[in-house]
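Visitor: can't give you the sequence, but here's the structure:
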């Protein structure tokens with residue numbers, strides 16, 4: 001959506017709605033209601049097609065008042081309705097066409113996905129917890145292999161001795177990699193990289209989690225998922241790029 005401001009009252013004078021704002025000015029406009037918003041967040045929403053600012057000949061972004069209103073709608077729907085970006089895009093596009101749509105409301109028993117996280121695979125329901133024997137059966141691993149995974153910190157049981165859904169998924173991936181000859185010692189670098197990435201995400205969301213506004217603290221989870229999704233996409237792209245250079 002590329003917006004061009006209209007002239008003021010046919011006499012060439014500018015009105016308040018004709019203003020073109022820099023990304024810094026947009027940030028200041030939004031922060032009164034959304035103190036957690038950042039320039040990186042605005043750029044991310046632009047990259048996802050939720051707003052399309054004009055560009056100056058030198059490449060600087062210039063936002064209209066309607067762009068700022070659109071960003072406000074997007075951030076409000078993320079914060080208040082926990083909607084994925086795909087659904088939010090459909091709603092703001094409909095509003096631009098003058099076709100308001102009712103917002104979907106999850107039922108009380110339905111889990112709320114705060115944002116789309118891309119191709120991160122979850123092979124087990126989030127509430128599932130299984131025992132050691134069940135994990136061995138699910139992965140086809142031997143007890144000694146599972147002991148190695150745990151020794152290298154790749155897999156960890158809970159305080160009750162059972163394994164949650166994310167751990168089950170990790171164990172299956174580790175088992176699949178093992179079929180290609182990759183041992184737990186080879187995967188230490190991946191775990192270390194994941195911990196560093198998690199640390200970066202934690203630094204970004206820490207101010208949101210400390211905020212006194214409960215909605216802002218809730219939004220911290222959405223931000224963490226969004227950053228995790230971007231991290232996964234970047235990691236995959238970097239690995240694929242490196243392989244193309246080395247193998248092809």
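Guide: Structure's in. What do you need? What you are looking at is a predicted structure, and each value in this text was computed from that prediction instead of being measured. Numbers count the residues shown, from 1 in each chain.
Visitor: from here on, just use CA atoms for contacts and neighbour counts.
Guide: Fine.
Visitor: what ranges in the chain fall below the confidence cut-off?
Guide: Scanning the chain with the threshold set as pLDDT under 70 gives 1-17, 82, 100-128.
Visitor: break down it into its helices, ranges please.
Guide: Assigned by DSSP state H, the helices in the chain fall at 23-31, 39-47, 65-81, 85-96, 132-139, 143-151, 165-178, 188-209, 214-247.
Visitor: turn these into a markdown table, including distance to residue 58 and mean neighbour count.
Guide: Listed next are the helices of the chain as a markdown table, based on distance: least, C-alpha to C-alpha, whole Å; neighbours: other C-alpha atoms under 10 Å:
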| stretch | distance to residue 58 | mean neighbour count |
| --- | --- | --- |
| helix 23-31 | 14 | 16 |
| helix 39-47 | 17 | 14 |
| helix 65-81 | 20 | 18 |
| helix 85-96 | 28 | 16 |
| helix 132-139 | 55 | 15 |
| helix 143-151 | 53 | 15 |
| helix 165-178 | 46 | 19 |
| helix 188-209 | 30 | 14 |
| helix 214-247 | 28 | 15 |
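Visitor: looking at those helices, which is closest to residue 53?
Guide: When the helices of the chain are compared by C-alpha to C-alpha, helix 65-81 sits nearest residue 53, at 7.0 Å.
Visitor: helices or strands next to the closest one in the packing?
Guide: Counting contacts by 3 or more C-alpha pairs under 8 Å, 6 or more residues apart in numbering; DSSP states H and E, helix 65-81 packs against helix 23-31, helix 85-96, helix 214-247.
Visitor: list the buried ones in stretch 178-186?
Guide: Going by neighbour count (16 or more other C-alpha atoms under 10 Å), the buried part of stretch 178-186 is 178, 183-184.
Visitor: which stretch among the helices of the chain comes nearest residue 54?
Guide: Closest to residue 54 of these, according to C-alpha to C-alpha: helix 65-81, at 9.8 Å.
Visitor: now the helices of the chain as JSON lines including distance to residue 54?
Guide: Shown next, in JSON lines, are the helices of the chain (distance: least, C-alpha to C-alpha, whole Å):
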{"stretch": "helix 23-31", "distance to residue 54": "11"}
{"stretch": "helix 39-47", "distance to residue 54": "11"}
{"stretch": "helix 65-81", "distance to residue 54": "10"}
{"stretch": "helix 85-96", "distance to residue 54": "17"}
{"stretch": "helix 132-139", "distance to residue 54": "52"}
{"stretch": "helix 143-151", "distance to residue 54": "51"}
{"stretch": "helix 165-178", "distance to residue 54": "42"}
{"stretch": "helix 188-209", "distance to residue 54": "28"}
{"stretch": "helix 214-247", "distance to residue 54": "25"}
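Visitor: nearest to residue 158, of those?
Guide: Among those, the nearest to residue 158 by C-alpha to C-alpha is helix 165-178 (9.6 Å).
Visitor: quick check: angle from that closest one to helix 143-151?
Guide: Orientation check (axes from the mean of the first three to the mean of the last three C-alpha atoms, to 10 degrees): helix 165-178 against helix 143-151 gives 120 degrees.
Visitor: which strands and helices sit next to helix 165-178?
Guide: helix 132-139.
Visitor: so can I have JSON lines of the helices and strands packed on helix 65-81 showing distance to residue 172?
Guide: Formatted as JSON lines, these follow (distance: least, C-alpha to C-alpha, whole Å):
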{"stretch": "helix 23-31", "distance to residue 172": "43"}
{"stretch": "helix 85-96", "distance to residue 172": "29"}
{"stretch": "helix 214-247", "distance to residue 172": "18"}
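Visitor: between the ones you listed, which one is nearest to residue 138?
Guide: The closest of the helices and strands packed on helix 65-81 to residue 138 is helix 214-247. By C-alpha to C-alpha, the value is 24.8 Å.
Visitor: how's the chain carved up into domains?
Guide: Taking the TED database as the reference, the chain has its domains at 23-97, 124-182, 185-247.
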